[in-house]
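Novice: Turn this into a structure:
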Amino acid sequence: MSLFSAEPIVELQNADIYQGTRMVLSDVSFSITKDEFVFLIGRTGSGKSSLLKTLYADLWLESGKGQVAGFELHQIKPSQVPFLRRKIGIVFQDFQLFFDRSVEENLEFVLRATGWKDSSSIKNRISEVLMQVGLGTLPKKMPHQLSGGEQQRVVIARAMLNEPQILLADEPTGNLDPEVGEQIMEVFQTINTAGTAILMATHNYDFLKKYPTRVLKCEAASVVEM
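Specialist: Predicted coordinates for the structure are as follows:
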């Protein structure tokens, strides 16, 4: 088992990260293994979002090598991208929920879109992830009936539906007040403790003090380990 857990879930080797034709990060090399929690910091425009987008194949890896959840980013075909994204969870700062559907319907949509067919299995999985993020009593609520923090918990639950190997979170507390941000951070901690790796881009330097862990910094077109 120890051999297995040492296998990196994310690995970049001498990767150049581009946004369009502009190179934003060069010669990036790092790896993240199962169970790790890693913060990604850096100024606005330093390449954090571009790095995350490359990891979930929204941006192509132009040069160097990359591997995420067993998929080779430098060789991935467009037809494989949905399968990569089933192995990872993605949490954005803006919630991107369907506001005309209940919490339960938002989650059911994702499960059916990723191949789940059995209604009782769908219902059970939705219950599990809502319990995991502390929203077990709210499946019938509409998004507009929830607070910002509750909406973000739904987004995290949605990202967890297919039991991802890693969660990629881009400023997940950026639109929330500090107290609610702390609560969301606790949810991420719980998920990580249960065995899911997390790479979280954040501007919140209080988190770095309160939750000492690995930190990667985007700076001067490179990624450095703090």
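Novice: use CA for all of it now, contacts and neighbours both
Specialist: Will do.
Novice: so residue 50 sits right up against residue 18, yeah?
Specialist: Yes - with contact defined as Cα atoms under 8 Å, residue 50 counts as touching residue 18 (7.3 Å).
Novice: how far out from the middle of the chain is the helix or strand harbouring residue 224?
Specialist: Element membership of residue 224, judged by DSSP states H and E, is strand 222-225. Taking Cα atoms, centre = their mean, to the nearest Å, the mean C-alpha location of strand 222-225 is offset from the chain mean by 19 Å.
Novice: Could you tell me the average pLDDT over it, please?
Specialist: Strand 222-225 shows an average pLDDT of 96 in the prediction.
Novice: Residue 125 - that's part of a strand, no?
Specialist: No - using DSSP: H, G, I helix; E, B strand; the rest coil, the assignment for residue 125 is helix, not a strand.
Novice: show me what contacts it?
Specialist: Contacts here follow Cα atoms under 8 Å, 6 or more residues apart in numbering; on that basis residue 125 touches residue 161.
Novice: before we move on, what about residue 48?
Specialist: So residue 48 contacts 40-42, 201, 218 (Cα under 8 Å, 6+ apart).
Novice: and those, which two are the farthest apart?
Specialist: 201 and 218 (10.1 Å; Cα to Cα).
Novice: higher neighbour count, these two?
Specialist: Each of residue 201 and residue 218 has its neighbours counted (other Cα atoms under 10 Å); residue 201 has more, 26 against 22.
Novice: Touching the helix or strand harbouring residue 209 from outside, list them.
Specialist: Assigned by DSSP H and E, residue 209 belongs to helix 205-210. Contacts to helix 205-210, defined as Cα under 8 Å, 6+ apart, come from residues residue 39.
Novice: next helix or strand past it?
Specialist: strand 214-219.
Novice: Which neighbouring elements make contact with that next one?
Specialist: Under the contact criterion of 3 or more Cα pairs under 8 Å, 6 or more residues apart in numbering; DSSP states H and E, strand 214-219 touches strand 37-41, strand 222-225.
Novice: Tell me how far the first one lies from the chain's centre.
Specialist: Relative to its parent chain, strand 37-41 has a centroid offset of 11 Å by Cα atoms, centre = their mean.
Novice: now stretch 102-114, how far from the chain's geometric center?
Specialist: 18 Å.
Novice: List the buried residues of that stretch.
Specialist: 102-108, 111 (16 or more other Cα atoms under 10 Å).
Novice: Adding distance to residue 139, pLDDT and secondary structure, write these out as JSON lines.
Specialist: Putting those into JSON lines (distance: Cα to Cα, whole Å; pLDDT from 0 to 100; DSSP: H, G, I helix; E, B strand; the rest coil) gives the following:
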{"residue": "102", "distance to residue 139": "7", "pLDDT": "97", "secondary structure": "coil"}
{"residue": "103", "distance to residue 139": "5", "pLDDT": "96", "secondary structure": "helix"}
{"residue": "104", "distance to residue 139": "5", "pLDDT": "96", "secondary structure": "helix"}
{"residue": "105", "distance to residue 139": "8", "pLDDT": "97", "secondary structure": "helix"}
{"residue": "106", "distance to residue 139": "10", "pLDDT": "96", "secondary structure": "helix"}
{"residue": "107", "distance to residue 139": "9", "pLDDT": "96", "secondary structure": "helix"}
{"residue": "108", "distance to residue 139": "11", "pLDDT": "96", "secondary structure": "helix"}
{"residue": "111", "distance to residue 139": "15", "pLDDT": "94", "secondary structure": "helix"}
